[in-house]
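Enquirer: Got a sequence here, can you model it:
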Amino acid sequence: MARYTGPKSKIARKFKDPIFGPDKALDRKPYPPGHHGNNRRRRKESEYGIQLQEKQKAKYTYGILERQFRNTFKRATKKKGITGEILLQLIEARLDNIVYRLGIAPTRRAARQLVSHRHILVNGTIANIPSYDIKPGDVIGVREKSKSLEAITVSISGRTDSFGWLEWDDEKMEGKFINYPTREEIPENIREQLIVELYSK
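Expert: Predicted coordinates for the structure are as follows:
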């Protein structure tokens, strides 16, 4: 399966959640997509179906493929603590997600592109792998040659969110990953326990 590049509103309506950000289409049509729309009679979903849908929702939200997602889950099971929470912490610590959270890019998809095109530094060295694992204490910044890029300057100027587990230096255009976020600090509407139950079968 390749990364989804189709209509974002269609996916948001499928999960009844604006997983890609504010969505007017979801406000107008708060029901799943399809020919019959809201009039379609749907069978009651099975427990497995609900768990699978939650996993798919998480994958779409973070833009992660199945193999990466499964491998991240395996890593989470080997660490002490609540597996579901650790899973989200590991995903949040991906370079593309950190670039997005810092406001260097307006979306995760844009963040992946910036990383892949070698615009991002980690501890002063170019990092071009979106799934790169960021560790507490790592410094993530914009490459000197890329600081004047309109896409980056516009995104940074529009920063509205700040997170307690990240520091940002506007003058240097770089941020620091302080520590892994707690579940309460992760704003995504994901029921991670259902994902744990799915993989545990």
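Enquirer: for the chain, what spans make up the helices?
Expert: Under the criterion DSSP state H, helices of the chain are mapped to 8-15, 24-28, 47-62, 66-77, 83-92, 95-101, 108-116, 150-157, 192-199.
Enquirer: can I get the ones you listed in CSV with distance to residue 130, mean neighbour count and mean pLDDT?
Expert: Glycine gets a C-beta too; all of them are placed from N, C-alpha and C. Shown next, in CSV, are the helices of the chain (distance: least, C-beta to C-beta, whole Å; neighbours: other C-beta atoms under 10 Å; pLDDT from 0 to 100):
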stretch, distance to residue 130, mean neighbour count, mean pLDDT
helix 8-15, 19, 19, 57
helix 24-28, 26, 13, 55
helix 47-62, 10, 17, 92
helix 66-77, 10, 15, 96
helix 83-92, 12, 21, 98
helix 95-101, 4, 25, 97
helix 108-116, 4, 20, 96
helix 150-157, 16, 15, 95
helix 192-199, 21, 19, 96
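Enquirer: Nearest to residue 140, out of these?
Expert: When the helices of the chain are compared by C-beta to C-beta, helix 95-101 sits nearest residue 140, at 5.5 Å.
Enquirer: show me the contacts for the residue nearest to the spatial centre of the chain.
Expert: By C-alpha atoms, centre = their mean, the mean C-alpha position of the chain lies nearest to residue 62, the distance being 2.9 Å. Contact analysis of residue 62 by C-beta atoms under 8 Å, 6 or more residues apart in numbering lists 91, 94, 97, 108.
Enquirer: Ignoring the adjacent residues along the chain, who's closest to the last one?
Expert: Same thing as residue 108. Leaving aside its chain neighbours, residue 108 sits nearest to residue 100 (4.7 Å; criterion: C-beta to C-beta, 6 or more residues apart in numbering).
Enquirer: Distance-wise, check residue 127 relative to residue 48.
Expert: The gap separating residue 127 from residue 48 is 38 Å, by C-beta to C-beta, to the nearest Å.
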